[in-house]
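S.K.: Quick one: sequence and predicted model below, then my questions.
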There are 2 protein chains.
Amino acid sequence: MSPTVDELISAARAGDARSVAKLISLVERGAPELPRIAGALGEHAQRAHIIGLTGSPGVGKSTTTNELVAAFRRAGKRVGVLAIDPSSPFTGGAILGDRVRMQDHATDPGVYIRSMSSRGHLGGLASATPAAARVLAGIGCDIVVVETVGVGQAEVEIASLADTTLVLLAPGMGDAIQAVKAGILEIADIFVINKADRDGADNTYRDIQGMIALGERPPGQWRPRVLRTVASRGEGIAEVVSTLDEHLSYLEESGELAKRRTERAAAEIEAVALATLRARIGSLRGGDGMQLDELAGKVAVGALDPYAAAERLLAALES
Amino acid sequence: MSPTVDELISAARAGDARSVAKLISLVERGAPELPRIAGALGEHAQRAHIIGLTGSPGVGKSTTTNELVAAFRRAGKRVGVLAIDPSSPFTGGAILGDRVRMQDHATDPGVYIRSMSSRGHLGGLASATPAAARVLAGIGCDIVVVETVGVGQAEVEIASLADTTLVLLAPGMGDAIQAVKAGILEIADIFVINKADRDGADNTYRDIQGMIALGERPPGQWRPRVLRTVASRGEGIAEVVSTLDEHLSYLEESGELAKRRTERAAAEIEAVALATLRARIGSLRGGDGMQLDELAGKVAVGALDPYAAAERLLAALES
């Protein structure tokens, strides 16, 4: 007999990695148990500090995440990591190699690491990732790191689901300019220049500081920090951790945390509602519900336009 | 007095670029005129050959598009180009420079070129791009080229909206392997190795041919073609054009065209229906419709889970 949702959550809270895996799989698949899981997690689900970590390929995201996890563990915190791969629509790609590296923590029951594809989820990160983060928070993780490759849209999405967004750069990759172009300045709470022992680190540091100085912000508002690390040697990690803590305190004291979380919740409720509606539309396809296929056939030959068709579809949905 | 939808369409069909621009802007904004425009375009909207052109940055997409446009013009065809920039959530980036190059055709009333951001459209390409393509077809374009930077998801999306998908590669960029990893083999009808005069072109050619040979396909099914071009000198473009025509004939004769267009229509109807539903959910925010904000506040503190909240939201939507 397979365990109930409550049993899974109890076991996961006690540190059973398999139960955590099972819960996240259910969430990822959008299983019918989802609402029950969300309900059973209760208010614990809102207690973790959710840290978004993003950056271009090759800046050292996995190594940095690995070092951060180790630092949090030394501080006695339980940590969850969700590694999102938005560039992989079909199968897991290069990221698998990275995951193996993170298996430093594989035998530590206080760390849970999971790779997720953002594919197939309505709204990408917007839907399945917050649900998975909520599971990790709900089973007792104090910290949830959501790691994703920065490819434009993903960076913006990660900012909308994290409490604190950390953008990782490396010297000499043209990242600084690229980052600013992509609007990353507007989403980063903390910049970390990794591989800071390499040529060009000072230039990258100056570029980013210069761009931050140009931005106007009301008094009392968080000013993005710029830190340097050599993650492969663990250098600078302690300062990243203390800056993350500092940012969380700022969020709590300024009321920004409640604001960000309410916005996030609204987006998530909307995503869930839309997914439900989408499923209802899907039920109008094939088999007994031929409406969508019929309408599509008419649109394909120009006998009907998609707007008129959508109107008929919605009418069928509501009848 | 601003022109009516019918007047805009008449002027656009006569070759007035401003009227085309106006129509696409209305479509892009999701203006209330949208259903009226779609209705007025009629069955013309389904007559163009829609060509998706994708590839990594730097493979020569703009140059290739430019040369293809010139070739189609020489054959007396009207051509529309939609250049989608999925990596630019905030402002137009590097693509502006490319657009300038394409202004070779700026004074030709038989060519219409438009840059679009995929940002803010529900489902990215899935919603606004087909509508814009339909406008171009409906006003008399025989060919519509949808050009987009290949960044994972975008490639898959472009394949779902095009009749023919052309994937552009360049030698020595690791594209071949990357492309296959990203599942591009499953979506490309035609591979074009651009910059074929460079070192490594033969290797890329062999890699791709090798991968195609591995794939099994039933007899009669299209086998992806691999072509070589040096677009900057116009070399190989004629063969690309004839292969595009050959693919269109295959689609028509095999019944695949009707199938692809019906699938596309179904996706588009679904996207329009979802956008409508999303707008209704939006109307439950702020002002008189406080429901969503209230629910989000409860979820943010863990007093309610997002699934229960979404259920209440949908109930409010239907009441």
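M.R.: Structure's in. What do you need? The model shown is predicted, which means the values in this text are computed figures rather than measured ones.

S.K.: Now do the contacts for residue A:166.
M.R.: Neighbour list for residue A:166: A:51, A:52, A:53, A:54, A:188, A:189, A:190, A:191, A:192, A:240, A:244 [criterion: C-beta atoms under 8 Å, 6 or more residues apart in numbering or on different chains]. Bear in mind the C-beta positions are built from the backbone N, C-alpha and C, glycine included.

S.K.: now do 6 Å
M.R.: If you count contacts by C-beta atoms under 6 Å, 6 or more residues apart in numbering or on different chains, residue A:166 has them with A:53, A:190.

S.K.: partner residues bridging it?
M.R.: residue A:53, residue A:190 (DSSP bridges).

S.K.: Give me the pLDDT value at it.
M.R.: In this model, residue A:166 is scored at 94, pLDDT.

S.K.: Likewise for the one 3 residues further on?
M.R.: pLDDT, residue A:169: 89.

S.K.: Could you check how far it is from residue A:199?
M.R.: 14 Å (C-beta to C-beta, to the nearest Å).

S.K.: out of those two, which sits in the busier spot?
M.R.: Of the pair residue A:169 and residue A:199, residue A:169 is the one with more neighbours under other C-beta atoms under 10 Å in any protein chain shown, namely 30 against 9.

S.K.: any idea how far that one lies from chain B?
M.R.: Distance of residue A:169 to chain B, computed by C-beta to the nearest C-beta, to the nearest Å: 17 Å.

S.K.: What count of nearby residues applies to the closest residue to chain B within the stretch 1-150 of chain A?
M.R.: For the stretch 1-150 of chain A and chain B, the shortest gap (C-beta to the nearest C-beta) falls at residue A:43, measuring 2.8 Å. Per other C-beta under 10 Å, the neighbour tally for residue A:43 reads 13.

S.K.: what does residue A:234 give?
M.R.: Residue A:234 is flanked by 14 other residues according to other C-beta under 10 Å.

S.K.: ok now do it, which residues does it touch?
M.R.: Contacts of residue A:234 (C-beta under 6 Å, 6+ apart): residue A:67.

S.K.: do the same with residue A:33
M.R.: A:5, A:26.

S.K.: For it, give me phi and psi.
M.R.: phi -70, psi -10 (degrees, to the nearest 10).

S.K.: before we move on, what about residue A:224?
M.R.: Main-chain dihedrals, residue A:224, degrees, to the nearest 10: phi -50, psi 130.

S.K.: For it, give me the pLDDT.
M.R.: On the pLDDT scale, residue A:224 gets 94.

S.K.: Wait, it touches residue A:214, no?
M.R.: No: contact criterion C-beta atoms under 6 Å: residue A:224 and residue A:214 do not qualify, at 11.8 Å.

S.K.: So which of those two has more stuff around it?
M.R.: Shown here are residue A:224 and residue A:214; by other C-beta under 10 Å, residue A:224 has more neighbours (21 against 9).

S.K.: where along the stretch 1-150 of chain A do the helices fall?
M.R.: A:5-13, A:17-29, A:34-41, A:61-74, A:95-101, A:125-138 (DSSP state H, counting those that start in this stretch).

S.K.: Can you flag the weakest of the ones you listed by average pLDDT?
M.R.: helix A:95-101 (a mean of 44).

S.K.: Neighbours of residue A:72, how many?
M.R.: Residue A:72, neighbours per other C-beta under 10 Å, totals 22.

S.K.: residues contacting it?
M.R.: By C-beta under 6 Å, 6+ apart, the neighbours of residue A:72 are A:79, A:143.

S.K.: Sounds good, over and out.
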